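J.: below is the sequence, then the predicted model.
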Protein chains: 2
Amino acid sequence: MSNSPSFEEQPGPGSSAQAVRQACRSGALRTHTSGLASAHAQGNLVILPRVHAADFLRFCQANPKPCPLLGVSEPGDPALPALGKDIDIRTDLPRYRVWQGGELVDEPTDVRDLWSDDLVSFVIGCSFTFEHALMAEGIALRHVAQGRNVAMFRTSVATAPAGPFRGPMVVTMRPLRAANAIRAVQISSRFPAVHGAPVHIGDPALIGIRSLADPDYGDAVEVMPDELPVFWACGVTPQAALAAAKLPFAITHAPGSMLVTDLLHHSLAAF
Amino acid sequence: MSNSPSFEEQPGPGSSAQAVRQACRSGALRTHTSGLASAHAQGNLVILPRVHAADFLRFCQANPKPCPLLGVSEPGDPALPALGKDIDIRTDLPRYRVWQGGELVDEPTDVRDLWSDDLVSFVIGCSFTFEHALMAEGIALRHVAQGRNVAMFRTSVATAPAGPFRGPMVVTMRPLRAANAIRAVQISSRFPAVHGAPVHIGDPALIGIRSLADPDYGDAVEVMPDELPVFWACGVTPQAALAAAKLPFAITHAPGSMLVTDLLHHSLAAF
């Protein structure tokens, strides 16, 4: 027997990244990847026709905090060897989103029938890696403790545009006491490939957020009187730019259904 | 003629550290050292009888953020070769303070007549180094722009006691916009030998400070509505602990009259 899970077997925190991808490929895993293969970095996915790839690459390059690129495929090639062994980007995520003209049209569990030699895959770093590092240093994260999605907000901070891609920076917010906020700046600074240091601390109004109780994506989380809201650039930013670009065709991951890579979190530490 | 300044010659920002110390030794410089030999680290000075040296060393070790030790002399030896060539700690600061029973009794310009084989010198890192690094990265500091002393506050945060040494942590406060506060955490984290990262950001009441308009030492500086107060541990902390210990005899530098060392600021960067 091989090490691959059977159709019935569900991957967990201790699974290998390859086993999680195999479970996606086989159809055994159709939901979210949060907490699976927990030592490994996960990535946001954007798949675009080649004609838009250069503009999107420039958009990511110009906006490295919200759009840190972990990997880019060869046109038409569903493999991403730098991110994991035998990745097939068409099948190895639990669920995808298909976009036409900026509108969501489908949420399939694989995109083999939509694939063509014209498509380029972009994998963008995800905050799970710096959250893992924060928790490993003893910094509790309320949304994790409460089993919620992180709170995300559209800001008044504009991304640097490139071709049709433009729009507001989207941020995540985590409430922390000041000493932990300072430590979190230090720790997340080590991980530029997964959004790096925060982009804002304190008054949400200064970056155009009206109410922390009313996030644009994810779940609201309370900020205690002795805490500061700490804001990081978010991987939803490129999805917002993609929607604004109203491309005839694009594929992304479905929220929470990420690509689980072979990269260990700590391999992404810059120092 | 030697390179040493004459009695009349005043050192400036471009002077060598040795020239500044020589000007102190000759009596040409009797005021402050701020801005002199500006590429070089300066240090707070504490001189104690040997009987208290081990406790004070433990106090510094237990409180590295307010009391980062740059150097400790051999008992009775006025030299500090690790900090500079031919330092004579008895003459090479512009002005000293002499303490008896916790009370200030004199402010001489040299302490040769008070010296004995029993005395140990401690040189503690000074915020000038991280301020130099912040300004070199384009972060303006309001108290510097306004030619004021930095605002200092006694906090409700207790130091870890050692022997007779104990008391509140004293902090400096610099107002910064959030993006600069985040950058300042990154930059000052590189300099653990000169207080390192901030100890608090935001609400002063959380560390027992009633009013930012009423500093315990130094000059008040305004915090604008789009700024956060950022607090660093301060080298006045050991002087407060020294006063609290009410030692029969101690010598410190006079405020602003520091030891100018041969160490270049950037040599103190930990990474």
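T.: Perfect, I can see it now. Numbering: from 1, shown residues only, chains lettered A, B, ... in the order given.

J.: how close does the residue of the stretch 1-150 of chain A found nearest chain B sit to A:M152?
T.: Nearest residue of the stretch 1-150 of chain A to chain B, counting by CB to the nearest CB: A:K65, 11.1 Å away. For glycine as for every other residue, the C-beta is placed from the backbone atoms N, C-alpha and C. Separation of A:K65 from A:M152 (CB to CB, to the nearest Å) stands at 14 Å.

J.: what's the residue in the stretch 151-271 of chain A that chain B sits nearest to in contact with, if anything?
T.: Chain B sits closest to A:V185 of the stretch 151-271 of chain A, with a gap of 4.2 Å, by CB to the nearest CB. Remark: with contacts taken as CB atoms under 8 Å, 6 or more residues apart in numbering or on different chains, A:V185 is in contact with A:197-198, B:182, B:185-186, B:197.

J.: where exactly do the helices run in the stretch 51-200 of chain A?
T.: Counting by DSSP state H, counting those that start in this stretch, the stretch 51-200 of chain A has helices at residues A:128-136, A:142-145, A:178-189.

J.: could you export those as a markdown table, including mean pLDDT and distance to B:E107?
T.: As requested, those are exported to a markdown table (pLDDT from 0 to 100; distance: least, CB to CB, whole Å):
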| stretch | mean pLDDT | distance to B:E107 |
| --- | --- | --- |
| helix A:128-136 | 95 | 48 |
| helix A:142-145 | 94 | 52 |
| helix A:178-189 | 97 | 37 |
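
J.: and B:L114, which of these is closest to it?
T.: Closest to B:L114 of those is helix A:178-189 (CB to CB; 40.7 Å).

J.: now the strands: where do they sit in the stretch 151-271 of chain A?
T.: A:151-158, A:168-177, A:200-201, A:227-233, A:250-253, A:259-264 (DSSP state E, counting those that start in this stretch).

J.: so the closest residue to A:F128 other than its chain neighbours is in which element?
T.: Spatial nearest neighbour of A:F128, excluding adjacent residues (CB to CB, 6 or more residues apart in numbering or on different chains): A:Q42 at 5.2 Å. Per DSSP states H and E: A:Q42 is located in strand A:40-49.

J.: same for that strand, what does it pack against?
T.: Applying 3 or more CB pairs under 8 Å, 6 or more residues apart in numbering or on different chains; DSSP states H and E, we find strand A:40-49 packed against strand A:69-72, strand A:119-125, helix A:128-136, helix A:236-245, strand A:250-253, strand A:259-264.

J.: rank those by pLDDT, which is bottom?
T.: Sorting the helices and strands packed on strand A:40-49 by mean pLDDT places helix A:236-245 lowest, at a mean of 91.

J.: ok now that helix, how far from the chain's centre?
T.: 13 Å (CA atoms, centre = their mean, to the nearest Å).

J.: residue numbers of the stretch 151-271 of chain A in contact with chain B?
T.: With CB under 8 Å from any CB of the partner chain as the criterion, the stretch 151-271 of chain A meets chain B at residues A:178-179, A:181-182, A:185-186, A:189, A:197-203, A:206, A:226, A:228, A:271.

J.: any chance of a ChimeraX selection covering the buried ones in those residues?
T.: Burial among those is assessed by 16 or more other CB atoms under 10 Å in any protein chain shown; the matching ChimeraX selection reads:
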select /A:178,179,181,182,185,189,197,198,199,200,201,202,203,206,228
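
J.: re the thing from before, can you give me the pLDDT of the residue nearest to A:F128?
T.: Reported pLDDT for A:Q42: 97.

J.: would a markdown table of the strands of the stretch 151-271 of chain A with distance to B:W99 be doable?
T.: Formatted as a markdown table, these follow (distance: least, CB to CB, whole Å):
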| stretch | distance to B:W99 |
| --- | --- |
| strand A:151-158 | 52 |
| strand A:168-177 | 37 |
| strand A:200-201 | 40 |
| strand A:227-233 | 39 |
| strand A:250-253 | 66 |
| strand A:259-264 | 55 |
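
J.: how many neighbours does the closest residue to A:P66 other than its chain neighbours have?
T.: Nearest in space to A:P66, with sequence neighbours left out and distances taken as CB to CB, 6+ apart, is A:T237 at 3.4 Å. Other residues within reach of A:T237, judged by other CB atoms under 10 Å in any protein chain shown, total 28.

J.: residues contacting A:L141?
T.: Counting by CB under 8 Å, 6+ apart, A:L141 touches A:131, A:134-135, A:174.

J.: just among these, which is most surrounded?
T.: Neighbour counts for the contacts of A:L141 (other CB under 10 Å) peak at A:R174, which has 26 neighbours.

J.: I'd like the distance between that residue and A:V221.
T.: Distance of A:R174 to A:V221, given as CB to CB: 8 Å.

J.: what is in contact with those two at once?
T.: Shared contacts of A:R174 and A:V221 (CB under 8 Å, 6+ apart): A:142-143, A:150.
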